[in-house]
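>>> dropping a prediction and its sequence here:
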Amino acid sequence: EWIPRAPIAFARAVSRPYARWAIGSMVAVLVATAASRVMTYTLKLLTDAAIAFGQGRGDTSEIWRWALVFPGVYLANEVVWRTSGFCGMRWITGAVAEASRRLFGYLSEHSAMYFADRFAGALVNKVANAATGTERLISQWLWQFFPWIVGLLADLWITYLAHPTFALALAVWMAVYVPVNVLWVRRLHKLSFAYAEASSQLRGKMV
């Protein structure tokens, strides 16, 4: 129970001692993703104000307002992203250390006969693969998948405000795009396990 076999469950288990850093990093990514959408909308308002002024339907105060808001939002966005990096690296580093501690602790509970019938190098390589896989899994979730999901939902909402038909087209695209990627990821999932097992056997024999 304290060493789950599934990758996501294992990453979740070794992340529990660092739950505060995990929550802080995910909140920072959520805020940063929202700030990036606000920054894009602010740029749109600045462009509209400049066009209106060029057509004689506005004044420079509107332009200056959004011209001053834009760099402020940009700076806040960068600061929050850096915050997610700081919290995220504390989370990832701690989770990798916890994974190594648990797995090596599990190995140390076995007798010498256990290692006589197995390649010690292969066992160590499997521990290294698990720790490295945990690092990649958390980093990809935190800085790739999670902001992509949040950003896609935000884009869907903004598109709905612009025109419901555009939002429907985006929703149809999502309904096709996501299942296709899930199908390919499942195939890569099997290949990654095969690659890890082969590399463990190779290093075990070399050692």
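It's in. Numbering: from 1, shown residues only.

>>> now Ser111: phi and psi?
For Ser111, the backbone dihedrals (degrees, to the nearest 10) come out as phi -80, psi 170.

>>> same thing with Asp59?
The phi and psi values for Asp59, taken as degrees, to the nearest 10, are phi -130, psi 170.

>>> quick one, what contacts it?
Counting by CB atoms under 8 Å, 6 or more residues apart in numbering, Asp59 makes contact with Phe53. Every residue, glycine included, has its C-beta placed from N, CA and C.

>>> per-residue pLDDT, it?
pLDDT recorded at Asp59 is 78.

>>> tell me which residues touch Val127, please.
Val127 makes contact with 100, 103-104, 107 under the criterion CB under 8 Å, 6+ apart.

>>> now, among those, which is nearest to Ala13?
Distance to Ala13, by CB to CB, is smallest for Leu103 among the contacts of Val127, at 11.5 Å.

>>> name the element the nearest residue to that closest one once chain neighbours are set aside belongs to?
With CB to CB, 6 or more residues apart in numbering as the criterion, Leu103 has its nearest non-adjacent residue at 4.4 Å, and that residue is Val127. Assessed by DSSP states H and E, Val127 sits inside helix 120-140.

>>> and the helix or strand bottoming out on mean pLDDT in the chain, C-alpha only, in PDB?
In the chain, no helix or strand scores lower on mean pLDDT, DSSP states H and E than helix 112-116, which sits at a mean of 77. Only the C-alpha atoms of helix 112-116 are listed here, as PDB (Å, rounded to 0.1, in the frame of the first residue of the first chain):
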ATOM      1  CA  ALA A 112      21.000 -11.600   0.500                       C
ATOM      2  CA  MET A 113      19.400 -14.500  -1.400                       C
ATOM      3  CA  TYR A 114      17.000 -12.100  -3.000                       C
ATOM      4  CA  PHE A 115      19.900 -10.300  -4.600                       C
ATOM      5  CA  ALA A 116      21.700 -13.500  -5.500                       C
END
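
>>> list of residues touching it?
With contact meaning CB under 8 Å, 6+ apart, helix 112-116 is reached by Leu123.

>>> return the distance of the helix holding Val127 from the chain's centre.
Offset of helix 120-140 from its chain centre (CA atoms, centre = their mean, to the nearest Å): 18 Å.
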